[in-house]
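>>> here is a sequence with its predicted model. Questions after.
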Amino acid sequence: MGLLNQTPRVVLYALVLLCVVFLFTANWVYFSGVGNPFSTVVEPVDDGQTHSLGVSSVFAFDAAQDTLRLTEAEQQRVAQLQARVVSYNHNESNIVCPDRYIFVRLKRGVTRHHNQLQMMMNIIMWAERLNRTAVLGPFFVKNKWVIHSDLYNFSEIARHYCVVSIDTMRKRLSSRIPLTPVTIACFDGKICRSAIMHFGFKVKIEIIESYTPDVPWNHVEAHFYLQQYFFKYPQNSKAEIVIIRSVAAFMMTRGLSDHAAIYGLLRPSALIAQRVKRFLNHSFGPRGRFFAVHKRHLEMKCNNFLTESLPQLRTHFGVTLRSEREQLIRAQCNISIPYLAALHASLGLRLFSYPMFLAHDGQDPYTVPQLKARGARVYEKEHYAQYEDCAYGLCALAVDYFVMTEAEYFSGNAVSTVSDNVCFVRLGRGKACHGMEPAIIRM
């Protein structure tokens, strides 16, 4: 009789045990069945497994649509830009760079490093059209100035584009005969005066102030503004130096092939190159084939930015996205493990069939630790004994950046300037970007 009374309890315990076993097995299948995190052998994807996880239906990746490569015409444009050579000697047959300069004055509040890098690259691209030579200034971070050569090597860019350092500009303008005052024109008197401290001229200068409306913080409207108010002025101005606002420089974008051409020539400084090489050899060995992921949340403003930006695709570029495509774009704001599994599946891979490198902004306390636990490599002192950084975390950021450019595959967030800048380098070197809406990167 006592045994009969215990029967319901025994049955209940048995059911609970079965549920626990089922959940454990399902979790193991999901997290272990998608690939060995330490394997460097590429395994073909198991379509049956992918569909059973429901991953493909939730994240509808299409490799043909989601893989961004340059067209043949764009590749020819890149080759043309990277093959030309510039000179400062009028007796040579190369493109001659003028003794008229353009400089972007970074200011307090413009703190994101890769935004500043884009500003510098933009004025270099536009300098020729404006009949000027671009001037590289320092980066601004946390109320301090950082010399660009600490992180990057612009020498290859300087062979093909008109760009010089502040020192070179100062020497050239200070050695003219006759030595007339250096004329400086700018669109904001306060910015103009504060920028002059970087130049260190010992000759007399004359400041010409010019007022224009504020630059719209919208790429499409900004293009109209730049055509109407800005481009004509630096081209026609007789001033030796034109100083522009950082917002204007950020909006001075060109076509995708132009960006690919110049970013493809960007190199790390000797210090950063050494650290990148050491980390790659340690983490991925001589084969060096890996899948790089950039996880960026934009301080939780990513979705708001997309809400403002996506209508521009329809209105100004004629690109209409289906609802599932728009959802896929928004999923970049918080890249998850199922998202990465679906992306890999669309490329014919299993998650972790390639070793993974992960760069992130430290704003995800959930997925990032899971990826690390499964073998994702990160350039962090807790996970890499030879980790080294410099002031303000810029060296670690630079290592992350150049490591991602070396990957076999790369995916990030299309509305992040870091992801975009990685993609530009890769396109300029004949590589592709994956799972990032090409229409947004082409905006």
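Alright, I've got the coordinates. Numbering: from 1, shown residues only.
>>> mind checking which helix or strand Val415 is in?
Following DSSP states H and E, one finds Val415 outside all helices and strands.
>>> what's the spacing between the closest residue to it other than its chain neighbours and His114?
Taking C-beta to C-beta, 6 or more residues apart in numbering, and ignoring the residues beside it in sequence, Val415 has Phe305 as its nearest neighbour in space, at 5.3 Å. In this view, the C-beta of every residue, glycine as well, is placed from N, C-alpha and C. Distance, Phe305 to His114, by C-beta to C-beta, to the nearest Å: 15 Å.
>>> looking at the two, which is more packed in?
In terms of neighbours (other C-beta atoms under 10 Å), His114 is the more surrounded of Phe305 and His114; the figures are 16 against 13.
>>> that one contacts Val422, doesn't it?
No: assessed by C-beta atoms under 8 Å, His114 is found out of contact with Val422, at 9.2 Å.
>>> and for those two, which residues touch both?
Listed as contacting both His114 and Val422 by C-beta atoms under 8 Å, 6 or more residues apart in numbering are Tyr401.
>>> quick revisit: what helix or strand is the residue nearest to Val415 on?
Phe305 is part of helix 302-317 when elements are defined by DSSP H and E.
>>> that helix - what's its average pLDDT?
Taken as a whole, helix 302-317 has an average pLDDT of 79.
>>> who touches that helix?
Counting contacts by C-beta under 8 Å, 6+ apart, the residues outside helix 302-317 that touch it are 218-220, 296, 298, 319-321, 326, 329-330, 332-334, 413, 415, 439-440, 442-443.
>>> out of these, which are buried?
Under a neighbour-count criterion of 16 or more other C-beta atoms under 10 Å, the subset of the contacts of helix 302-317 counted as buried comprises 220, 296, 298, 319, 321, 329, 332-334, 413, 415, 439-440, 443.
>>> of these, which pair is most distant in space?
Of all pairs drawn from the buried ones among the contacts of helix 302-317, the one with the largest separation by C-beta to C-beta is Val220 and Asn334; the distance is 26.7 Å.
>>> Ala376 contacts Leu358, doesn't it?
Yes: Ala376 is in contact with Leu358 according to C-beta under 8 Å; the separation is 4.3 Å.
>>> what's the overlap in contacts for the two?
Contact criterion C-beta under 8 Å, 6+ apart; residues bridging Ala376 and Leu358 by contacting each: Val293.
>>> how about Asp258, what does it touch?
By C-beta under 8 Å, 6+ apart, the contact list for Asp258 reads 77, 81, 125.
>>> and if we set it to 6 Å?
With contacts defined as C-beta atoms under 6 Å, 6 or more residues apart in numbering, the neighbours of Asp258 are Met125.
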